[in-house]
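> Could you work out the structure for the sequence below:
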Amino acid sequence: MLADSRGLTLLEVVAALAILAVVLVGIVGILGNSLDVWRTATERSFSHLGAQLGLAFLTGDIRNARRVAEAGEEHLKLERDSGEVVEYFCREGALVRKEHGAETVVADGISSFSVKKEGPGLYRISVEGVSGSAVFTLESRASPRVANW
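Below you'll find the predicted structure:
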């Protein structure tokens with residue numbers, strides 16, 4: 001070999017590749033953790049959104065009802081001006097709305113809900129949601145249009 005040749009020895013190339021491998025393993029680890037954090041935040045966001053949607057349906061239907069026929073833990077029965085009945089209940093982690101015999105899932109990720117009478121014509125609505133291992137509760141209050149005092 002010539003003494004004045006310029007280039008890298010095999011040992012230098014192997015050392016550079018080893019350093020590059022260590023750096024890449026670190027970057028991949030950081031990206032993996034970032035994706036886990038993003039996934040968890042997205043799941044929590046969707047769980048909260050589902051609970052907010054469920055609470056909005058419950059509150060809106062109570063406000064548009066003629067009267068609350070039955071209210072309690074995980075069950076609500078409303079009567080409209082036309083005499084039609086709208087019911088709500090939980091099934092398999094979802095809030096279900098039943099109207100005209102048809103059942104519709106209005107929100108997922110709901111572990112329970114309750115509607116309790118607080119005063120003349122005033123009801124407190126609580127929706128409990130689950131996001132991973134975290135449990136959260138959202139609340140609202142509503143009165144039927146023509147309160148059944």
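
> can you give me the helices in this protein?
10-64 (DSSP state H).

> Quick check, central residue of it?
The centroid of the chain falls nearest to residue 47 when counting by C-alpha atoms, centre = their mean (0.7 Å).

> For the residue nearest to that residue when sequence neighbours are not counted, name its beta-bridge partners.
Nearest non-adjacent residue to residue 47, counting by C-beta to C-beta, 6 or more residues apart in numbering: residue 131, 3.7 Å away. From N, CA and C alone the C-beta is placed, and that goes for glycine too. Taking DSSP bridges as the rule, residue 131 bridges to residue 134.

> do the same with residue 76
As for beta bridges, residue 76 partners with residue 71, residue 88 under DSSP bridges.

> so who does it touch?
By C-beta atoms under 8 Å, 6 or more residues apart in numbering, the contact list for residue 76 reads 58, 62, 68, 70, 87-89, 113, 115.

> mind putting those residues in JSON lines, neighbour count included?
Converted to JSON lines, these look like this (neighbours: other C-beta atoms under 10 Å):
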{"residue": "58", "neighbour count": "25"}
{"residue": "62", "neighbour count": "25"}
{"residue": "68", "neighbour count": "21"}
{"residue": "70", "neighbour count": "12"}
{"residue": "87", "neighbour count": "16"}
{"residue": "88", "neighbour count": "24"}
{"residue": "89", "neighbour count": "15"}
{"residue": "113", "neighbour count": "26"}
{"residue": "115", "neighbour count": "24"}
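
> Closest to residue 142 out of the residues you listed?
The closest of those to residue 142 turns out to be residue 62 (C-beta to C-beta; 4.2 Å).
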